[in-house]
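Undergrad: Test case, fold it:
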Amino acid sequence: MQSRILRHFLAVAEHRNLTAAAEVLHISQPALSKSIKQLEVSIGAPLFERHQKGVLLTGEGKILLRRARLMDVEYQHALAEISAMQEGIAGTLRIAAGPVWVSTILPPVISKFNQQYPGVKIYLDLGVIDTIIPALLEGDIDLACSTLDFPSHPEIHSETLIQIRHAVVAAAGHPLAQKQRVRAQDMAAYSWVVLARDNVGFARIGAYFRANGLEPPTLAVETHSLAMMKIVQAGQFLAHLPHPMLADAAKFDLVPVQHEGTFWESSAGIVTRATPYPKNMVESFKSILREHLLHYEAAPDQN
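TA: So this is what the prediction gives:
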């Protein structure tokens, strides 16, 4: 049912007079009569009985009036909710992000965003490139924060905000932990713990060892970031983490391995779907994140 015809029906039912209803709707009486006739034909039943002084609802009309009022209320609520979402003051903002973002970068950003837009609920999911990008393309998330090591895509817009270096970590008691300089062949002798489905991370590990003339090491465990640190803590494994997460790693008695060469450095930032009509809440979140990272990059030992 078209919202225009619904409004016409409600006006006639309220005023019980076509002329009065037409004046309120700012349309001609013939146009209103035509609209009501279209509605009656669509429903397949008369909605009004015509009298000299106006119109009365039929039994079918009374049924439609009861439901139409509910429909109109829900329609008005929907318009209000859509307007609030477009203004960035209500709704749900769905974000997927890599471990370094979830653990160190986004918490203060989310706190500030919530203070400014308390009506917006944030859904934050942990992921890696190979899970984040498909979710973004499917429309399951509105915004992603991650490294930008993925091929360009016409439906995706990325914005570099920060450079992140990765460190190799091990338990404090690991044989390599106390050495001042560790060779690639020394690290190749140990098994690694990695993030689940992190094909980009897998490729980076392999690239480092192949650059040193070695085959990639054994990947022993795939899991999420918290379990990864606990597993590395409990055995003679190696793992790689972004430098900003080293403070979290230290809580698990993990230390960086002083290895030769650069292990992995990459651009990171915001990823969104390319659209001519971005959501205001998305743009507001991005603005707060950009401002936060200006101070974040200026802090020592963050990259």
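
Undergrad: helices and strands around the lowest-mean-pLDDT helix or strand in the chain, which ones?
TA: Taking mean pLDDT, DSSP states H and E as the measure, the helices and strands of the chain show their lowest mean at helix 59-86, namely a mean of 79. For helix 59-86, the contact count by 3 or more C-beta pairs under 8 Å, 6 or more residues apart in numbering; DSSP states H and E identifies helix 3-15, strand 91-97, helix 280-298 as packing neighbours. Any C-beta I mention is one placed from the backbone N, CA and C, and that applies to glycine too.

Undergrad: Give the buried residues for the shortest one.
TA: Along strand 91-97, the positions that meet the burial threshold by neighbour count (16 or more other C-beta atoms under 10 Å) are 91, 93, 94, 95, 96, 97.

Undergrad: Nearest to residue 240 among the residues you listed?
TA: In terms of C-beta to C-beta, no member of the buried residues of strand 91-97 lies closer to residue 240 than residue 97, at 17.7 Å.

Undergrad: so the closest one makes contact with residue 106?
TA: Yes - if you go by C-beta atoms under 8 Å, residue 97 and residue 106 touch, sitting 6.0 Å apart.

Undergrad: Leaving out the residues flanking it, which one is nearest to residue 257?
TA: Distance criterion C-beta to C-beta, 6 or more residues apart in numbering; nearest residue to residue 257, sequence neighbours excluded, is residue 168 at 4.3 Å.

Undergrad: Are there residues contacting both of residue 97 and residue 106? Which ones?
TA: Common contacts of residue 97 and residue 106, defined by C-beta atoms under 8 Å, 6 or more residues apart in numbering, comprise 124, 145.

Undergrad: List the buried residues in stretch 213-231.
TA: The neighbour-count criterion (16+ other C-beta under 10 Å) identifies 217, 221, 222, 225, 228, 229, 231 as the buried residues of stretch 213-231.

Undergrad: distance between the ends of it?
TA: End-to-end distance for stretch 213-231: 28 Å, by C-alpha to C-alpha, to the nearest Å.

Undergrad: ok, and what's touching that stretch?
TA: Contact with stretch 213-231 is made by 99, 103, 126, 184-185, 187-198, 202, 205-206, 209-210, 237-239, 241, 245, 248-249, 252, 254, as judged by C-beta under 8 Å, 6+ apart.

Undergrad: The same query, at a cut-off of 6 Å, please.
TA: Outside stretch 213-231, the residues that touch it by C-beta atoms under 6 Å, 6 or more residues apart in numbering are 99, 184, 188, 191-194, 196, 206, 209, 239, 249, 252.

Undergrad: centre of the chain versus that stretch, how much separation?
TA: Remark: stretch 213-231 is offset 27 Å from the chain centroid, using C-alpha atoms, centre = their mean, to the nearest Å.

Undergrad: Quick check: mean pLDDT of stretch 251-260?
TA: Per-region confidence: stretch 251-260 scores 94 on mean pLDDT.
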